[in-house]
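*Asks:* My questions are about this predicted structure, shown below with the sequence.
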Amino acid sequence: MTRTGSRRRVKEDWWADADIDRAQIFVPAIMGAGLLISAFTLVRDAFHGRHRRGRDRRTVLQARASAAFVRTGTPPDAALLSGLRPRLHYLFLGLSAGGLAVYGARGATKNYAPDEGMFAGLAWMYALLLALVAALAVVSALSLLTAATWPDLPRWARPLLAVTPLGQAPVEGQRRGSLLVGWAALLTAAAAVQFVFTTAGAPQLLAELDDEITDPVASVVPWELLGGVPLAVGLAVVVGVVGRRCPTFALGQLGVVVGALIAHALFADRLERAFPPDGPMAGLTGSLPSAPALQATLFAGFLPLAVYVATRRRTAALVALGLTSAGVLAASFEIVRSRLSWPSDVVAGVLLGLALVLGTWWALEHRPWHRRCAACPWELPGDVRAGPGLLQVPAARERTVRRGARLWLAGAVVLFAALALVEGLPASPEGVAMGPALSRQLQLALLGLAAVALLVALRWEAVGAALAALAGTGLAVFASITYQPWVSLLIAGLFLVPAVGFWLVWQHRRTMRAVVTLAMATALLLAGTFGASAEIYDRLFGPLHPRSATLPLAVDAVAWTWSGAVTARSAEVVAKIDGDADEVRLAVTGGDGTVRSDVVPPGPDDVVRLDVDGLEPGTDYRYAVEVDGEPDRSRGAGTFSTPPEGPASFTIAVASCARTGSSGAVFDAIRAVDPALFIHMGDLHYANIARDEPTLFGDRYEDALTSPAQAALYRAVPVSYVWSDHDYGPENADSSSPSRDAARAAYRTYVPHHELVEGDGGAIYHAFTMGRVRVVMTDTRSEKTDTTMLGERQLVWLQDELVTASRDHALVLWVNPDPWVAPDEPGRDDWGGYADERRRIADTLADAGVENLVMVSGDAHMVAADDGTNTDYSTGGRGGFPLLHAAAMDSPGTLKGGPYSEGAFPGAGQFGTVTVTDTGGDAVDVELTGRNWRNEVLVSYRTRLPVPSS
């Protein structure tokens, strides 16, 4: 299978095609790593600065030199040789520093000399980098000289052992193993950094490797979970429990795992490297480095160390290392084979994980860190063990911490209560996770638990800390119903800060084992909070069917765009400009040439409405938004087709109900049917806005228009849109909605639309023509009251429009956002709650003899079709018509109303199509289908409708 959008394969002359100049942009980072390597012992001296090792080295060596001269008359510099480090150290340092000096000089020159260089013309930057290169060269020369003459260093160089980190304080025996581990860690880290930056900056170098696997194989193990927070932290806790005899190791490896998770999230978010398009993470970014490979390597490296701590036996640790190493290889193979990550990303993850493991191992060799350990392998014999607890808190500071924790927790409770009163408590936007009443009661109970924690902590700090943490994590999980996971973590932190304060007061009188145990429990609590929050957020806001593999386009000058109001000779594009701009216009190309709109300045929220006319009927067009004279070829470019004048055959896609910012595969499926128009029948988002602020609606429009799959659809197909309840106001909103005016104003600002019957400020109902089809779109929300669905003005207009259009058009398509087929029940939110108004419309159709009407509806999360048997609510029984119900694109499936002659199918990832075949004769063929994201037809109905005689 050939993977679409694959990278270009590397030719045999790989160096010539390597685009190595592009890789040179990473020279500053590589040189930074080089400085770290060249200053290996400087870093160590600084890291252990509290022991003043640098000063100790100078003092001891110079004292030995003076003493030797006084006692024996030996030249003072001879005694300085006792400060020599192992020979391998100087060899590694010299080679590394020399190699980086050459690479750095080449990279600095390539980025300065050419006009397109990264810092072309910045002489000070070039000079600074050359100075660093010179420093590396000096370090390399001195190190290689020392390695070559070791142990009899030239006399002129011997003082450097005392005054620079080339030397060290004399030690009893050299720990060559520690030295090798340290160098292995640094060299592996340098290799990992180089590999990651090469993969990110010049991926064509590794395209051959990444394209090697072409046929993905489904894995029985969900390896993607290994890169997630809950499992990664859970495994770190297991390792910490096994190695609890060494608190330094137990807490240190946990910190490394958490740090790796955070660093990966930040780096992946910045880089946005896509996962393989044919793998389980298709459509998402964050593949580099592979998080599962990174975390698998960390676990595989830390578990043998934990076994060594627990048993103090190298054999047991080596056996564990062999098993875990084999596990990493097997996991890496499976990750690549299942296309969870690119092979190069897996290599990067393993290298980074190995560097972190080796770095941790090297750090553990610092024996003074183990004074609080209980018989760990690195404990110094006869060393005086430190006091209880991890951190000693003086009495005065203890009172301050205790008082601060109490005040913080009290403030958190008050703040959360105030936010609950002002903003309301989080609740499911769809009402499917938990009833709002129960959700509110549970959150108030958790807030009460936090208040109880404050009272308990007055006497028992540890219990109070646990209760505060429990309340905070519970509230964080509920917050994930509405907010993203990082907000949930922030709320958890709001209550965990005072919990940590109570812990500090408690821990300094407890054993290290108790401290480690509490730290592990806290880590599990936080990881569980994040995992539960992410799961809830994904269930409520993530796709309820497979995610689209469509990736976001880069932002040039336009943030988003969509087209609409397309007629045979005109069209409209609405776009948002990203950044400052003075003039914007639209260039439309197709047919006989290019047509441009008038030049306009950006309007409110940097949104522009661009109208073009003079187009040709039945023509395919490409458009590009020109910002200050430059066309945007990314998000500002799209396509549409003008309908013919007269008989025409085409397909219209219809659907409704998608979660806020959804990027589900259903949008790709809609685009795949190549519709002439996409009619969106409401619930474009589920924000349930209840405030009179148009910008709130603008933000939600932007969520949809920048979601990769939706954005790709809206750039490729013109849209006609009317709202339902969730994207107009609160659930079941009507004309009394507090956001009514804002919704109407935002629609006129952000949505491309045909001429509205009520002009500025009123309801949004309107009608337009495609070929010989009249499309009638009604607003069932902003005029709705307890007694009318449409309001009198819209109702009169609709009756006239349906009758008139049925006589002078071959087909009338009524876009009615709410379910029509429903039992008569006052108070229902659909047409069943407005039986008299429904009968009035049906009688109008029956009396006028309308036979060429088709209705499409949304709101209910199902696809259904009816042949007219169940749509007739007229008094005399002659007002039936075919109906297609099309939903939900990305919301939980529900059944409403009915029955439907062709059946109803609830579910997510669904949409409908109306295919019109009009050859100009006395009948029009119409096919209605309800489909899923695989474009499988779930329900269909085909009919032939008569064309009224002229």
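*Replies:* Received it, and whenever you're ready, just let me know what you need.
*Asks:* Pull out the buried positions in the host helix or strand of residue 98.
*Replies:* Take DSSP states H and E as the rule and residue 98 turns out to sit in helix 87-112. Neighbour counts over helix 87-112 (16 or more other C-beta atoms under 10 Å) mark 89-94, 96-98, 100-101, 103-105, 107-112 as buried. Yep, even glycine has a C-beta here, placed from its N, CA and C like the rest.
*Asks:* could you point out where the stretch 301-450 of the chain is predicted with low confidence?
*Replies:* Segments of the stretch 301-450 of the chain classed as low confidence (criterion: pLDDT under 70) are 380-392, 427-438.
*Asks:* where do the strands sit along it?
*Replies:* Assignment of strands within the stretch 301-450 of the chain using DSSP state E, counting those that start in this stretch yields no ranges at all.
*Asks:* Report pLDDT for residue 189.
*Replies:* On pLDDT, residue 189 comes in at 85.
*Asks:* Just to check, it is in contact with residue 360?
*Replies:* No. Judged on C-beta atoms under 8 Å, residue 189 makes no contact with residue 360 at a distance of 11.9 Å.
*Asks:* Which parts of the stretch 651-800 of the chain are helices?
*Replies:* Applying DSSP state H, counting those that start in this stretch to the stretch 651-800 of the chain gives helices spanning 665-672, 694-706, 708-716, 740-750, 792-808.
*Asks:* Ok, which of the ones you listed comes nearest residue 120?
*Replies:* helix 694-706 (33.7 Å; C-beta to C-beta).
*Asks:* Could you list the buried residues of the closest one?
*Replies:* Applying a neighbour-count criterion of 16+ other C-beta under 10 Å, the buried positions in helix 694-706 are 694, 696, 697, 698, 699, 700, 701, 702, 703, 704, 705, 706.
*Asks:* Residue 574 is in contact with the fourth one, correct?
*Replies:* No. Using C-beta under 8 Å, residue 698 makes no contact with residue 574, being 11.3 Å away.
*Asks:* hey, what's residue 940 bridged with?
*Replies:* Applying DSSP bridges to residue 940 gives these bridge partners: residue 929.
*Asks:* how far away is it from residue 931?
*Replies:* Between residue 940 and residue 931 the computed distance is 9 Å (C-beta to C-beta, to the nearest Å).
*Asks:* Show me which of the two is the more surrounded one.
*Replies:* Here residue 940 and residue 931 are compared on neighbour count by other C-beta atoms under 10 Å; more neighbours surround residue 931, at 24 against 17.
*Asks:* And the more buried one, how far from residue 815?
*Replies:* Computed as C-beta to C-beta, the residue 931 to residue 815 distance reads 18 Å.
*Asks:* Same question for residue 315.
*Replies:* When C-beta to C-beta is applied, the distance between residue 315 and residue 815 equals 75 Å.
*Asks:* Residue 689 now?
*Replies:* Summarising the geometry, the distance separating residue 689 from residue 815, computed by C-beta to C-beta, is 23 Å.
*Asks:* which stretches of the stretch 651-800 of the chain have low pLDDT?
*Replies:* For the stretch 651-800 of the chain, no stretch has pLDDT under 70.
*Asks:* can you list residues touching both of residue 698 and residue 574?
*Replies:* Common neighbours of residue 698 and residue 574, using C-beta atoms under 8 Å, 6 or more residues apart in numbering, are 607, 750.
*Asks:* the domain parsing of this structure - what is it?
*Replies:* When the chain is parsed with automatic domain parsing, its domains come out as 395-541, 641-946.
*Asks:* In TSV: these, plus distance to residue 156.
*Replies:* Supplementary listing: those in TSV, determined by distance: least, C-beta to C-beta, whole Å:
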stretch	distance to residue 156
domain 395-541	50
domain 641-946	65
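*Asks:* low pLDDT regions in the stretch 151-300 of the chain?
*Replies:* Looking along the stretch 151-300 of the chain with the criterion set at pLDDT under 70, you get 162, 169-177, 179, 212-220.
*Asks:* now with 80?
*Replies:* Counting by pLDDT under 80, the low-confidence segments of the stretch 151-300 of the chain come to 155, 157-180, 182-183, 200-221, 269-272, 278, 282-284.
*Asks:* Kindly report the same for the stretch 801-950 of the chain.
*Replies:* Judged against pLDDT under 80, the low-scoring parts of the stretch 801-950 of the chain cover residues 950.
*Asks:* so where do the helices sit in it?
*Replies:* When secondary structure is read from DSSP H, counting those that start in this stretch, the stretch 801-950 of the chain shows helices at 835-848.
*Asks:* who touches stretch 712-720?
*Replies:* By C-beta under 8 Å, 6+ apart, the list of residues contacting stretch 712-720 from outside reads 550, 561-566, 571, 635, 637-641, 653, 667-668, 670-671, 675-680, 705, 752-754, 768, 775, 777, 815.
*Asks:* what separates residue 665 from residue 713, distance-wise?
*Replies:* The spacing between residue 665 and residue 713, counted by C-beta to C-beta, is 11 Å.
*Asks:* same question, residue 180
*Replies:* 57 Å.
*Asks:* Count residues in the vicinity of residue 483, would you?
*Replies:* Taking other C-beta under 10 Å as the criterion, the count of residues near residue 483 is 17.
*Asks:* Report the secondary structure state of the residue lying closest to residue 578 once chain neighbours are set aside.
*Replies:* With C-beta to C-beta, 6 or more residues apart in numbering as the criterion, residue 578 has its nearest non-adjacent residue at 4.3 Å, and that residue is residue 559. Assigned by DSSP: H, G, I helix; E, B strand; the rest coil, the conformation of residue 559 is strand.
*Asks:* Hmm, residue 632 and residue 559 touching each other?
*Replies:* No. Under the criterion of C-beta under 8 Å, residue 559 lies out of contact with residue 632, with a separation of 9.9 Å.
*Asks:* end-to-end on stretch 732-746?
*Replies:* Counting by C-alpha to C-alpha, to the nearest Å, you get 19 Å between the two ends of stretch 732-746.
*Asks:* Residues contacting it, please?
*Replies:* Applying C-beta under 8 Å, 6+ apart, the contact partners of stretch 732-746 are 689-694, 696-698, 701, 723, 725, 727-730, 761-764, 781-785, 791, 829.
*Asks:* let's see 6 Å
*Replies:* Contact partners of stretch 732-746, identified using C-beta atoms under 6 Å, 6 or more residues apart in numbering, comprise 689-694, 697-698, 725, 728-729, 782-785, 829.
*Asks:* try stretch 676-688
*Replies:* Surrounding stretch 676-688, the residues in contact under the criterion C-beta under 6 Å, 6+ apart are 429, 641, 650, 652-654, 656-657, 659-660, 700, 704, 717-721, 723-724, 726-727, 730-731, 815, 817, 858.
*Asks:* Also stretch 515-523?
*Replies:* Looking at stretch 515-523 with C-beta under 6 Å, 6+ apart, the contacting residues turn out to be 233, 237, 240, 244, 247, 250, 251, 254, 390, 507.
*Asks:* Nearest to residue 355 among these?
*Replies:* Proximity of the contacts of stretch 515-523 to residue 355 was ranked by C-beta to C-beta; the top entry is residue 254 with 17.8 Å.
*Asks:* so which strand or helix has that closest one?
*Replies:* Residue 254 is located in helix 247-271, with elements delineated by DSSP H and E.
*Asks:* buried residues in that helix?
*Replies:* Neighbour counts over helix 247-271 (16+ other C-beta under 10 Å) mark 247-254, 256-258, 260-261, 264, 267-268, 271 as buried.
*Asks:* now swap in stretch 636-645 and tell me
*Replies:* 636, 637, 638, 640, 641, 642, 643, 644.
*Asks:* That one: end-to-end distance?
*Replies:* Looking at stretch 636-645, the gap from its leading to its trailing residue is 28 Å under the measure C-alpha to C-alpha.
*Asks:* Give me the distance between that stretch and the centre of its chain.
*Replies:* In terms of C-alpha atoms, centre = their mean, to the nearest Å, the gap separating the centre of stretch 636-645 from the centre of its chain is 32 Å.
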